[in-house]
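Trainee: Here is my input, please return the structure:
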Amino acid sequence: MSYVRSYTELDVYITSRKLSKAIFELSQKFPAEERFSLTDQIRRSSRSIGAQIAEAWGKRKYERHFISKLSDADSEQYETRHWIEIASECEYLNENEKIALVDFCLSVGKMLKTMMDKAHLFCQT
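Mentor: Take a look at the predicted model:
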């Protein structure tokens, strides 16, 4: 692993930001009556993934705290996948859009798992 100086350089953070941007763009076409329910939920959970990764970076002094925050990010990734499924069932997303978003989530989930498994490499002081 090459050394990164900031969470903003982490592939998982960069990918999570791309996911939240894609969700924002696609959710703009959701019906107005979904503004305070589905649209808000899916945007919030997708944006929270990157926020939790940033918080985890700040907790690297304590490996358990670091892993806990990464676990929170992974939980937000799962929640986002749930909302993607709901949006698809409501026919707000077509199959290709759904697949692309789920693939983003799966990629983020795999990277987070790797980081949790190798937390000691990130937490060296």
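
Trainee: which element is the residue nearest to the spatial centre of the chain on?
Mentor: Ranked by distance to the mean C-alpha position of the chain (CA atoms, centre = their mean), the top residue is residue 49 at 3.4 Å. Under the criterion of DSSP states H and E, residue 49 resides in helix 38-58.

Trainee: Can you list the buried residues in that helix?
Mentor: Burial within helix 38-58, assessed by neighbour count using 16 or more other CB atoms under 10 Å, is assigned to 38-39, 41-43, 45-57. All C-beta spots, glycine's among them, are computed from the backbone N, C-alpha and C.

Trainee: contacting residues for the residue nearest to the centre of the chain?
Mentor: Shown here is residue 49, whose contacts under the criterion CB atoms under 8 Å, 6 or more residues apart in numbering are 16, 19, 20, 73, 76, 77, 80, 108.

Trainee: what's the answer for residue 109, then?
Mentor: So residue 109 contacts 74, 77, 78 (CB under 8 Å, 6+ apart).

Trainee: Which other helices and strands does the biggest helix by length in the chain contact?
Mentor: Once the chain is assigned using DSSP state H, the helix that runs over the most residues is helix 63-89. Applying 3 or more CB pairs under 8 Å, 6 or more residues apart in numbering; DSSP states H and E, we find helix 63-89 packed against helix 11-27, helix 38-58, helix 95-117, helix 119-122.
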